[in-house]
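Engineer: Structure here, sequence nowhere to be found:
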């Protein structure tokens with residue numbers, strides 16, 4: 001039966017890996033200038049989020065893009 005210390009260490013390791021993964025994705029989004037500008041369109045926000053989640057995959061050729069349209073308000 002695993003000890004509580006091993007479980008805590010494993011959880012911390014996973015949390016550290018996820019944090020580093022997301023930081024690498026954030027760096028990729030910043031390098032692609034997705035974090036600059038004030039136009040917050042559905043496509044730009046989606047592309048930025050997917051780029052951050054893709055993390056290191058951005059540096060091995062992944063270039064995720066989101067194309068979406070928001071519903072227009074009725075008159």
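Structural biologist: Yep, that arrived. The structure presented is a predicted model; accordingly, all values stated were derived computationally and were not measured.

Engineer: Could you identify the helix or strand that succeeds the top helix by length along the chain?
Structural biologist: In the chain, with assignment by DSSP state H, the single longest helix is helix 4-31. Note on helix 4-31: by DSSP states H and E, the next helix or strand toward the C-terminus is helix 42-54.

Engineer: which helices and strands does that next one pack with?
Structural biologist: helix 4-31 (3 or more C-beta pairs under 8 Å, 6 or more residues apart in numbering; DSSP states H and E). Just so you know, the C-beta spots here come from the backbone N, C-alpha and C atoms, and that holds for glycine as well.

Engineer: What residues sit buried inside the longest helix of the chain?
Structural biologist: 21, 24-29 (16 or more other C-beta atoms under 10 Å).

Engineer: Pick out whichever of the residues you listed sits closest to residue 61.
Structural biologist: Ranked by distance to residue 61 (C-beta to C-beta), those are led by residue 28 at 11.7 Å.

Engineer: Give the closest residue to residue 69 in space, chain neighbours not counted.
Structural biologist: residue 42 (6.9 Å; C-beta to C-beta, 6 or more residues apart in numbering).

Engineer: wait, doesn't the one you found sit right on residue 49?
Structural biologist: No. The criterion here is C-beta atoms under 8 Å, and residue 42 misses it with residue 49 at 10.8 Å.

Engineer: what about those two, which has more around it?
Structural biologist: residue 49 (15 against 12; other C-beta atoms under 10 Å).

Engineer: On the pLDDT front, check that one for me.
Structural biologist: Predicted confidence (pLDDT) for residue 49: 91.

Engineer: residue contacts, it?
Structural biologist: By C-beta atoms under 8 Å, 6 or more residues apart in numbering, the contact list for residue 49 reads residue 66.

Engineer: Please report the distance of it from residue 38.
Structural biologist: 17 Å (C-beta to C-beta, to the nearest Å).

Engineer: Also residue 11?
Structural biologist: From residue 11 across to residue 38, the span is 39 Å (C-beta to C-beta).

Engineer: With residue 56 instead?
Structural biologist: From residue 56 over to residue 38 (counting by C-beta to C-beta), the distance is 29 Å.

Engineer: Understood, closing this out.
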